[in-house]
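J.: Below is the sequence, then the predicted model.
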Amino acid sequence: MTRAALTLLAVGLLGGVSPVLAQVPPQPASLQLAADTVASDPAGAFVNVRVKNVGTTVISQIDVGCQFFAKGKLVGTSTTTLYASVPGVTGIGQVRLMGATGATDARCGILKAN
């Protein structure tokens, strides 16, 4: 994750921003993000994410960030990167937060696409 993306997440956390990832740049129109419900295992919590490239160009890298919550309280953030997204294809990844076995909700956004 880039320093700018980390700064944006930190600003959102420290500023008490209620809508999670509100400080993230607008989502690219050529990408559609979908996230499953949060699941957990003994290692922590995770959410499967899918990003569909509905544009006309290849995108080499897509960074997806999620903030995880337990009973409405933020318990942490994590990211994943999807590579080589071609038009018409959906990339699948998993965002995992180690140790957050009590997380029940996640809010995700595309942090960067290039």
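T.: Arrived safely, thanks for sending. Numbers count the residues shown, from 1 in each chain.

J.: Show me where the protein has its helices.
T.: In the chain, the helices defined using DSSP state H lie at 3-14.

J.: So which residue is dead centre in it?
T.: With distances taken as Cα atoms, centre = their mean, the chain has Gly65 as the residue nearest its mean C-alpha position (2.6 Å).

J.: I figured that residue was touching Gly109, is that so?
T.: Yes: the criterion here is Cβ atoms under 8 Å, and Gly65 meets it with Gly109 at 6.1 Å. Just so you know, the C-beta spots here come from the backbone N, C-alpha and C atoms, and that holds for glycine as well.

J.: Was I right to think Ile110 contacts Gln61?
T.: No: no contact is recorded between Ile110 and Gln61 when judged using Cβ under 8 Å, the distance being 10.9 Å.

J.: Who has more neighbours out of those two?
T.: Neighbour count, other Cβ atoms under 10 Å: between Ile110 and Gln61, Ile110 has more, with 21 against 12.

J.: who touches the more buried one in this structure?
T.: Shown in contact with Ile110 (Cβ atoms under 8 Å, 6 or more residues apart in numbering): 24, 27-28, 31, 33, 51, 62-64.

J.: Kindly report the same for Gly72.
T.: With contacts defined as Cβ under 8 Å, 6+ apart, the neighbours of Gly72 are Asp105.

J.: pLDDT value on Leu8, please?
T.: Per-residue pLDDT puts Leu8 at 40.

J.: same deal with Phe46?
T.: Phe46 is assigned a pLDDT of 98 by the prediction.

J.: tally of neighbours for it?
T.: As a measure of burial, Phe46 has 23 neighbours, counting by other Cβ under 10 Å.

J.: follow-up on the earlier one: beta partners for the residue nearest to the centre of the chain?
T.: Beta-bridge partners recorded for Gly65 (DSSP bridges): Thr79, Gly109.

J.: ok, it to Pro87 distance?
T.: Gly65 sits at a distance of 24 Å from Pro87 (criterion: Cβ to Cβ, to the nearest Å).

J.: same deal with Ala106?
T.: Counting by Cβ to Cβ, the separation of Ala106 from Pro87 is 27 Å.

J.: more crowded one of those two?
T.: More crowded of Ala106 and Pro87, by other Cβ under 10 Å: Ala106, with 25 against 13.
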